[in-house]
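Asker: Predicted coordinates and the sequence they were generated for:
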Amino acid sequence: MSERDTYVAELIRLDGCGDYVSGICGGCHAPALSHCLDCDDLQLYCHECTVSNHVRSPTHRIQEWTGEFFQDLGHPAGQRCILPRPAFNDEFILIDINGIHEVGLDFCGCETSNTHVRQLLRHGWFPSTSIDPRTAATFRLLRHFQILSFESKASAYEYYHSLVRLTDNTGLSKPKDRYNAFMRMVREWHHLKMLKRFGRGHEASGVEGTSQGECVVICLACPQPGINLPDGWEHATKDKQWLYATFVAIDANFRLKRRNMSTNEADPSLSKGWSYFVEEADYKSYLAEHLGEAQECKSTCSSHNAVNMADTKLSQGLAATGVGTIDCARHNMKRGNGVGDLQKGEKYINMDYLFFSTLRNNSLKILNVSYDIACQWHKHIWSHMESLPQSHHLNHVSKTIRFFVPKFHLPVHVAKCQSLFSFNFTRFIGRMDGEAQERGWSNINPVASSMKNMGPGCCRDTLDDHFGDWNWKKVVGLGASLLNKMKDALVERAEHQAAFDEFDAVISIEHRATWLSEMVIWEQNPNDMSVPNPLEMKAIAITQAGVQLRLAELEANELERGIDVLLHPEVSLSVLIVSGLDLEEEHIVQMRNSLCRKIETWGRVQILYMPAVLQGGRDDQHNAEDIIPLLPSWMKNKPCDQCLQNNEWELHYAQAYDALEELRQCLIHCSLLTFKCEWVRGQGANTQAQNALTRVHARRTACVKRYRSAWTALKALATLLKKRDWKGRLQELANDHIKPLVDLFGVGEGRRQVSWIWMMEGIDCNGDCDDDRVRIEWCKSRARALRWTEEVELLMEEMGRVIQFLHWDAQHWDERRSQLTVENPAHTEGLHAYAVQQAHIRRRLAAHFHALWAPYLMPTLGPGINTTHAELSLPDLTMPNAPLMDADGFCDNHT
């Protein structure tokens, strides 16, 4: 640990010419500009000698000195030391990309020689220890394993034993075991490369001056005050404030478990909260004070396991049951100091600490938070904050903070949450689903098997390294990802704007003004429950129970007026029909004799009210479940009391609505369970999921059968009662109509085509014109057009921010070229070369992105762009001067 500055300095020194500043070819003494990264001979060579030396090594990588930046290694080739000193115990193991080698190694023992560690590093060999090293790994091996582990998630164990087999595939002469040394070198290499990449070798304070969260690849497209935001952004108008918002997503991953092995004292992290994980000592100290406290409330929404089972997650034998993370919700990148271990379930105290830790020093005025249990978590977030250290407090009173539930998780929430916490219906949010963190788990989950048996420090360092690589790949992929999003958004914006314009044109002026006013007021006051939600049905839903009650009340009123048509002391006209419908739905698993007795009892009462049933004889079916109760709808050409027919009509009509409602619930559960079965792990869990899916499928089949039976009866009764235009929103139910509202394997709200069964929330309250349904669909159509329009504007802003950030970062590296003064000329040259190289990379990325995005960038961001692209402007679909914040000037609670 004490030698880290030495190691970083030597690594940076190698980015210059080092000891070969003369620029003379080692072969022919001609001017030399090239060297090889894969040869042990690090001498500079001219072009002719370089080609000659690599006739049989075509895969070696050649680099050329540009005059400012380069990479170099080692002791002058061919120069022998007159006082060689053998390695410790005269044995030395070198691990290279082609195997594990026992080599005879002598260190230089001259008075002017460097330490053994420096001699090895200058030769491109990384020592396993800083005292009497007996093992080393080549730089190319460490680079190769790091990239391989990022891409394939190969473990160090698998990689090392692949080298063992490359060395001896017979097992007769295995090399000496250096697996532990290899693990140590890999971990130290990754840590030192992180420090180097984030400029710690260029700082006078050195490694120990690193602050928490400093070694993080931050999101270039997100607003970073002082870096990629315009002057005066704090005073932007209300219709522009939303562009300067922080988007964060919260989630936990219980695949990333770690067994209770080793301790923080025996295996500390090489970082101290410098990267993605929070600082361990402070985190564990806070948890020690509060971990024993039970969460203050259970879920008042759906039964969320993340809430109800936060204290009951199986943790026997585990030091960590998983990890919690805070991500950039827009661009799927891990945030600094936003990752931490979980000790039980997804407890609030863990997630609260991570949330406020990553938002320290956040000066943006708007914060959008996505969490699958946001409807529960946000209720006590500010009271929880008071128990955190003062450094973690957030001035929420001065900010606009909105909470959302990710789109995949939202359908299982209650109806109230589905509008209050929806990305689809909230203004100034763009097009996003809040599920970015879920997609990121597919990249890191394969690491779970190898990290399960790691010590605490090694585990955190490994995940930090993988998260850093994930973020870097997201950064270099921003060019393609933002371009594809923009192309898609422009097409979708045009389509949904045209669809909304067409819809809006047929709406009356009075309705349009009323609905727009209601929607805007609701958007401005998302937390005010007294404000009517225009996305909810105002009409009373039709239910079978409601119709039964209404018919019973009508019969009671008739009795009060002296009208008594009862032919049975206990069974009225409506009770007879209700009992018949119940018999139709009786499940065949009931005892056959019991069902038969019920049918006989009902039949005796039926004869009193419907004597015509005797004309056709009694049903001689042998099985009770095959007997069909003959309701008025079956009495086609036989006399029947019209009052009975009307009662059956009312009840079947309500039964159809009830069946559709239950069918919708089945489709929601069936869709989620089907998705779960695709990804569930373990025989027990798989069996439970399959059994649950089978039960839901059976319920769905029964609902379909019940609706179709009601539909058939309604069609027959409509003829008998001479009803016209009776269907309303009811339709014949075809198989392709039976699909979920949110298809987990299909498109989402922004592109959906909804089956008619999902447009049945209320009754027709305005004759043939269903105001409720039209209003809701108009509001949703407007919301879709607005979200896509906002997305275009936000993408334009993000493209500009990325390029501004890259230019700022390049300038920052330029300043580092001469920031640190050292006496060693080779070290100075390495500092200069590495800084120039990093600045060069940033400028290349900026130029590449600018070329990709040129048609969409604002004209002030670069040369050659002098059009304003009016087609990308934001149309005004809101009322004038619509404020973003509530009446008090802020949104402290919660959506």
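Answerer: Looks like it came in fine. Numbering: from 1, shown residues only.

Asker: Determine the number of other residues adjacent to the nearest residue to residue 374 once chain neighbours are set aside.
Answerer: Nearest residue to residue 374, sequence neighbours excluded (CB to CB, 6 or more residues apart in numbering): residue 403, at 4.2 Å. C-beta coordinates here come from the backbone N, C-alpha and C atoms, glycine included. If you count neighbours by other CB atoms under 10 Å, residue 403 ends up with 23.

Asker: Next: residue 732.
Answerer: 11.

Asker: sorry, back to before: pretty sure the residue nearest to residue 374 belongs to a strand, no?
Answerer: Yes - according to DSSP: H, G, I helix; E, B strand; the rest coil, residue 403 belongs to a strand.

Asker: For it, give me its contacts.
Answerer: Going by CB atoms under 8 Å, 6 or more residues apart in numbering, residue 403 touches 369-371, 374-375, 377-378, 421, 894-895.

Asker: so of those, which ones are in helices?
Answerer: 374-375, 377 (DSSP state H).

Asker: among these, which ones are buried?
Answerer: Buried subset of the ones in helices among the contacts of residue 403 (neighbour count, 16 or more other CB atoms under 10 Å): 374-375, 377.

Asker: Now do residue 506 against residue 788, distance only.
Answerer: 21 Å (CB to CB, to the nearest Å).

Asker: if we can go back for a sec, pick the one among the buried ones among the ones in helices among the contacts of residue 403 closest to residue 730.
Answerer: residue 375 (33.4 Å; CB to CB).

Asker: Now residue 358. Nearest residue, chain neighbours left out?
Answerer: residue 338 (3.6 Å).

Asker: quick check: mean pLDDT across stretch 795-802?
Answerer: For stretch 795-802, the mean per-residue pLDDT is 96.

Asker: And the helix or strand hosting residue 495, what's buried?
Answerer: Secondary structure from DSSP states H and E places residue 495 in helix 478-505. By 16+ other CB under 10 Å, the buried positions in helix 478-505 come out as 478-479, 482-483, 485-486, 489-490, 492-493, 496-497, 500, 503-504.

Asker: which one of those residues sits closest to residue 20?
Answerer: Distance to residue 20 across those (CB to CB) is lowest for residue 479, with 36.7 Å.

Asker: For the closest one, report the pLDDT, please.
Answerer: Taken from the predicted model, the pLDDT recorded for residue 479 is 95.

Asker: Same check on residue 160?
Answerer: Reported pLDDT for residue 160: 95.

Asker: The one 10 residues further on too?
Answerer: Per-residue confidence for residue 170 comes out at a pLDDT of 85.

Asker: That one: what secondary structure?
Answerer: coil.

Asker: ok but residue 797 is inside a helix, no?
Answerer: Yes - assigned with three-state DSSP, residue 797 falls within a helix.

Asker: That one is in contact with residue 243, isn't it?
Answerer: Yes - the pair residue 797 and residue 243 qualifies as a contact (CB atoms under 8 Å) at a distance of 4.9 Å.

Asker: quick one: which of the buried ones among the ones in helices among the contacts of residue 403 is nearest residue 119?
Answerer: Closest to residue 119, out of all of those and judged by CB to CB, is residue 377, at 55.8 Å.

Asker: For residue 90, give me phi and psi.
Answerer: Residue 90 adopts backbone torsions of phi 50, psi 40, taken as degrees, to the nearest 10.

Asker: Count the neighbours of it for me.
Answerer: 10.

Asker: low-scoring pLDDT stretches of the stretch 651-800 of the chain, where are they?
Answerer: Applying pLDDT under 70 to the stretch 651-800 of the chain flags the ranges 668-693, 728-729, 741-756, 758-771, 773.

Asker: would you list every one of the helices in it?
Answerer: 683-721, 771-816 (DSSP state H, counting those that start in this stretch).

Asker: The stretch 251-400 of the chain too?
Answerer: Under the criterion DSSP H, counting those that start in this stretch, the stretch 251-400 of the chain contains helices at 280-290, 305-308, 348-358, 374-377, 381-385.

Asker: Can you convert those helices into a markdown table and add a column each for distance to residue 436 and mean pLDDT?
Answerer: Compiled in a markdown table, the helices of the stretch 251-400 of the chain are given as follows (distance: least, CB to CB, whole Å; pLDDT from 0 to 100):
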| stretch | distance to residue 436 | mean pLDDT |
| --- | --- | --- |
| helix 280-290 | 24 | 91 |
| helix 305-308 | 18 | 56 |
| helix 348-358 | 15 | 94 |
| helix 374-377 | 15 | 90 |
| helix 381-385 | 21 | 92 |
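
Asker: Now distance to residue 838 too, for those, in a markdown table please.
Answerer: What follows is the helices of the stretch 251-400 of the chain, written out as a markdown table (distance: least, CB to CB, whole Å):
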| stretch | distance to residue 838 |
| --- | --- |
| helix 280-290 | 30 |
| helix 305-308 | 41 |
| helix 348-358 | 25 |
| helix 374-377 | 39 |
| helix 381-385 | 38 |
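
Asker: Tell me which of the ones you listed sits nearest to residue 155.
Answerer: The nearest among the helices of the stretch 251-400 of the chain, by CB to CB, is helix 280-290 at 23.4 Å.

Asker: Okay, buried residues for the closest one please.
Answerer: Of all the residues in helix 280-290, those buried under the rule 16+ other CB under 10 Å are 280, 282-284, 286-287, 290.

Asker: Can you tell me what sits against it?
Answerer: By CB under 8 Å, 6+ apart, helix 280-290 touches 264, 269, 272-273, 340, 343, 349-350, 353, 357, 387-389, 456, 460.

Asker: Which among the residues you listed count as buried?
Answerer: Going by neighbour count (16+ other CB under 10 Å), the contacts of helix 280-290 have 269, 272-273, 340, 343, 349-350, 353, 357, 388, 456, 460 buried.

Asker: Dump those into a markdown table; add distance to residue 110 as well.
Answerer: Listed next are the buried ones among the contacts of helix 280-290 as a markdown table, based on distance: CB to CB, whole Å:
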| residue | distance to residue 110 |
| --- | --- |
| 269 | 39 |
| 272 | 38 |
| 273 | 43 |
| 340 | 50 |
| 343 | 55 |
| 349 | 60 |
| 350 | 56 |
| 353 | 55 |
| 357 | 51 |
| 388 | 58 |
| 456 | 43 |
| 460 | 42 |
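
Asker: ok, the residues you listed vs residue 725, which is closest?
Answerer: Using CB to CB, these come closest to residue 725 at residue 350, 59.1 Å.

Asker: Run through the residues that contact that closest one.
Answerer: Residue 350 sits next to 287, 324, 340, 342-343 when contact means CB under 8 Å, 6+ apart.

Asker: now with 7 Å?
Answerer: Residue 350 makes contact with 324, 340, 342 under the criterion CB atoms under 7 Å, 6 or more residues apart in numbering.

Asker: re earlier: now, which of the buried ones among the ones in helices among the contacts of residue 403 sits nearest residue 638?
Answerer: residue 375 (55.9 Å).

Asker: What is the three-state secondary structure of the residue nearest to residue 94 when sequence neighbours are not counted?
Answerer: If the residues on either side of it in the chain are set aside, residue 94 comes closest to residue 101, at 4.8 Å by CB to CB, 6+ apart. Applying three-state DSSP to residue 101 yields a three-state assignment of strand.

Asker: pLDDT score assigned to residue 101?
Answerer: In this model, residue 101 carries a pLDDT of 84.

Asker: and it, how far is that from residue 14?
Answerer: On the measure of CB to CB, residue 101 and residue 14 end up 22 Å apart.

Asker: Looking only at neighbour counts, state which of the two leads.
Answerer: Set side by side, residue 101 and residue 14 show more neighbours around residue 14, with 22 against 14, by other CB under 10 Å.
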